[in-house]
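# Kindly generate the corresponding structure for this input.
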Amino acid sequence: MILGANHVALSVPDLDKAVAFYRDLVGFPVVMEFGWEKDTPASDIAEKILAVRGTATKMAVLRAGNLLLELFQFLAGNPKPQDSTKPVIDHGITHICFAVTDLDAEYERLVSGGMTFHCPPTQIAPGIRTTYGRDPFGNVLEFEEVQGRTSATQSVMGDA
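Numbering: from 1, shown residues only. Have a look, this model is predicted:
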């Protein structure tokens, strides 16, 4: 039986910059930091799981409300950079959505911290407002306010 989502993982080119963004600006506390060296028992296990040979990484896990956010900086294994301007319509994961209670305040706070957005908060349906922005590496983050929402896992379609 699937219980629900546990975490989202992002591979980033600069872990310190990613942690500064997600911890200091967005406000997610770090709950764990670790990694592994190349050619160690841990990298052997990672090779099996990731299907990539010769990796080394440093990583941080942050608490995003009811979800964990894993940030990986691969130090070995030949990671390829992503297109930081990839449109959200391209195949693959398009965005991560965070439920908020005061979209205008969060938007202003994040903009004043240097985050860039596609647009200001926009009403998309009665009682539903949203905006999309990008982290320093181009990953798209949605911040969504739903009138009457009482938990982050509550869907716009009703209780989840």
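# My reading is that residue 142 is in a strand; is that accurate?
Yes: assignment of residue 142 by DSSP: H, G, I helix; E, B strand; the rest coil places it within a strand.
# That one and residue 62, how far apart?
As judged by C-beta to C-beta, to the nearest Å, residue 142 and residue 62 stand 17 Å apart. C-beta: built from backbone N, CA, C; applies to glycine.
# per-domain residue ranges of the chain.
In terms of domains, the chain is parsed into 7-76, 96-146 (source: automatic domain parsing).
# could you dump these to CSV with distance to residue 153, mean neighbour count and mean pLDDT?
Below are the domains of the chain laid out as CSV (distance: least, C-beta to C-beta, whole Å; neighbours: other C-beta atoms under 10 Å; pLDDT from 0 to 100):
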stretch, distance to residue 153, mean neighbour count, mean pLDDT
domain 7-76, 6, 16, 92
domain 96-146, 8, 16, 92
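# JSON lines for the ones you listed, including distance to residue 86?
Formatted as JSON lines, these follow (distance: least, C-beta to C-beta, whole Å):
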{"stretch": "domain 7-76", "distance to residue 86": "13"}
{"stretch": "domain 96-146", "distance to residue 86": "6"}
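# Would you tell me which of these gets closest to residue 87?
domain 96-146 (9.3 Å; C-beta to C-beta).
# and that closest one, how far out from the chain's middle?
13 Å (C-alpha atoms, centre = their mean, to the nearest Å).
# mind checking the end-to-end distance for it?
Across domain 96-146, the terminal residues are separated by 16 Å (C-alpha to C-alpha, to the nearest Å).
# Relative to residue 85, which of the domains of the chain is closest?
The minimum distance between residue 85 and the domains of the chain falls on domain 96-146, with 6.3 Å, by C-beta to C-beta.
# Mind jotting down where the helices sit in the chain?
For the chain, helices defined by DSSP state H occupy the ranges 15-19, 41-50, 103-112.
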